[in-house]
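Peer 1: sequence and predicted structure below; questions after.
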Amino acid sequence: MEQAFWRHVRGDLSSARRGAAAFLDSLPVDDDYDANRRQDWIAEWKRIGDEHYILGDLNLKKKAFDEAAEAWLYALTAFEIAGRLIEEDGLQSGDISAKVEGGIRRFESSQAQKLERVKIPCCDQTELPAYYLPAGNPDLPTSAVMCISMEHETAATLLGRLLPAVIGRSMSVLVLSHGDVSHHSRGQSETLLSACLDYLAVRPDVDANRIAIFGEGLSAALATEFAVSDRRLAAAVCDGGLWNWARILASIGWMTRTTDGVLEQGAMSARRSQIIRRLRCPVLVVAGGRGIVSVSEAIKLQADCMAECIDLELAIPRMIRSLGGEIENFVTSDDCIFGWLEQKLHT
């Protein structure tokens with residue numbers, strides 16, 4: 001497996017990301033777990049990232065902007081892999097975060113790809129910080145996606161992972177921190193997201209009729225609530241209301257001291273699809289992985305939606321049981337999500 005690393009760093013970004021996905025899929029199962037090998041792989045992917053940063057910087061000095069951007073993007077993918085291999089409480093996490101932020105600063109300061117830090121005005125005279133990556137031609141309005149990070153993750157962390165996945169897709173992205181949006185009350189969170197949608201809708205490089213929202217973890221629940229409250233959205237990657245559904249089941253179980261046979265199956269099906277019927281845009285529910293959505297409940301919800309001709313699709317990330325836990329193949333997962341968004345937004 002060690003010899004395969006050099007294959008991962010060859011070719012263009014698309015080929016390199018296919019190699020990164022193949023590496024994740026080839027991780028050994030738990031029975032073959034070796035702590036030393038984990039550290040070797042972390043060190044190797046960090047080295048690959050560092051070398052691509054150097055390569056990108058050299059290309060920038062030559063004014064080879066596209067080549068610089070491609071090298072930096074693959075560096076971000078390499079650091080994301082290293083971060084996934086590190087244990088949650090690993091001491092190296094801070095180092096990876098710093099390297100990702102270094103890559104983002106490179107994009108901000110170069111002509112390779114315009115990346116902006118923006119402040120979105122809100123009704124309470126506060127400003128919401130966000131990253132904005134335009135699709136390209138300012139005179140050609142394109143689709144846009146509002147992306148909210150998982151809880152305990154910064155906007156920079158999510159942006160570092162998504163940049164290699166969205167470059168070249170002819171869609172702009174606005175990346176927000178879960179903490180910045182969710183520390184307000186539920187109604188205020190929706191107001192903040194509405195302000196973000198207003199910001200995108202008036203930009204000349206964005207088609208106001210092709211704006212979507214993408215939330216991960218608890219942000220997937222925020223995305224559902226916002227999609228219900230604001231009919232301007234053209235698509236939503238969210239939890240389909242399943243987080244609220246899980247809380248309803250938990251409350252019923254607590255009150256009745258049981259979780260089995262609480263509701264008749266038909267009533268459960270009707271209640272499960274009640275929220276999703278309030279959505280007027282196509283929905284993609286990402287189930288399993290690091291998210292909050294149960295695969296079994298998502299499959300039931302999808303079946304209910306199919307019966308009612310509701311446009312809901314299901315994505316289940318590829319998870320590899322390795323290194324004492326589960327590691328998501330984020331490369332294939334992100335490609336699936338943004339491929340779906342491209343289709344629904346007609347980019």
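Peer 2: Looks like it arrived, so ask away. Numbering: from 1, shown residues only.
Peer 1: parallel or antiparallel, list what pairs with whichever helix or strand residue 175 is part of.
Peer 2: If you go by DSSP states H and E, residue 175 is part of strand 171-176. Sheet pairing for strand 171-176, assigned by DSSP bridges, gives strand 127-133 (antiparallel), strand 142-148 (parallel).
Peer 1: can I get these in CSV including mean pLDDT and distance to residue 105?
Peer 2: (C-beta placed from N, C-alpha, C; glycine too.) Compiled in CSV, the strands paired with strand 171-176 are given as follows (pLDDT from 0 to 100; distance: least, C-beta to C-beta, whole Å):
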stretch, mean pLDDT, distance to residue 105
strand 127-133, 95, 12
strand 142-148, 97, 19
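Peer 1: can I get these in JSON lines with mean neighbour count and distance to residue 19?
Peer 2: Listed next are these as JSON lines, based on neighbours: other C-beta atoms under 10 Å; distance: least, C-beta to C-beta, whole Å:
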{"stretch": "strand 127-133", "mean neighbour count": "19", "distance to residue 19": "24"}
{"stretch": "strand 142-148", "mean neighbour count": "27", "distance to residue 19": "25"}
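Peer 1: in a markdown table: these, plus distance to residue 275.
Peer 2: Below are the strands paired with strand 171-176 laid out as a markdown table (distance: least, C-beta to C-beta, whole Å):
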| stretch | distance to residue 275 |
| --- | --- |
| strand 127-133 | 26 |
| strand 142-148 | 18 |
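Peer 1: residue 29 is nearest to which of those?
Peer 2: Nearest of the strands paired with strand 171-176 to residue 29, taken as C-beta to C-beta: strand 142-148 at 32.2 Å.
Peer 1: averaged pLDDT, the helix or strand following the closest one. What do you get?
Peer 2: Later in the chain than strand 142-148, the nearest helix or strand by DSSP H and E is helix 155-166. Mean pLDDT, helix 155-166: 96.
Peer 1: just list the residues touching the closest residue to residue 217 other than its chain neighbours, thanks.
Peer 2: Once flanking residues are discounted, residue 217 sits nearest to residue 150: 3.5 Å by C-beta to C-beta, 6 or more residues apart in numbering. Residue 150 makes contacts with 158, 178, 216, 217, 218, 219, 290, as judged by C-beta atoms under 8 Å, 6 or more residues apart in numbering.
Peer 1: repeat for residue 137
Peer 2: Neighbour list for residue 137: residue 205 [criterion: C-beta under 8 Å, 6+ apart].
Peer 1: now do the one 5 residues further on
Peer 2: When the contact criterion is C-beta under 8 Å, 6+ apart, the partners of residue 142 are 135, 136, 170, 171, 172, 205, 206, 207, 210, 347.
Peer 1: give me that answer again for 6 Å
Peer 2: 135, 170, 171 (C-beta atoms under 6 Å, 6 or more residues apart in numbering).
Peer 1: measure the second one to residue 344 for me?
Peer 2: Shown here: residue 170 relative to residue 344, a distance of 14 Å by C-beta to C-beta, to the nearest Å.
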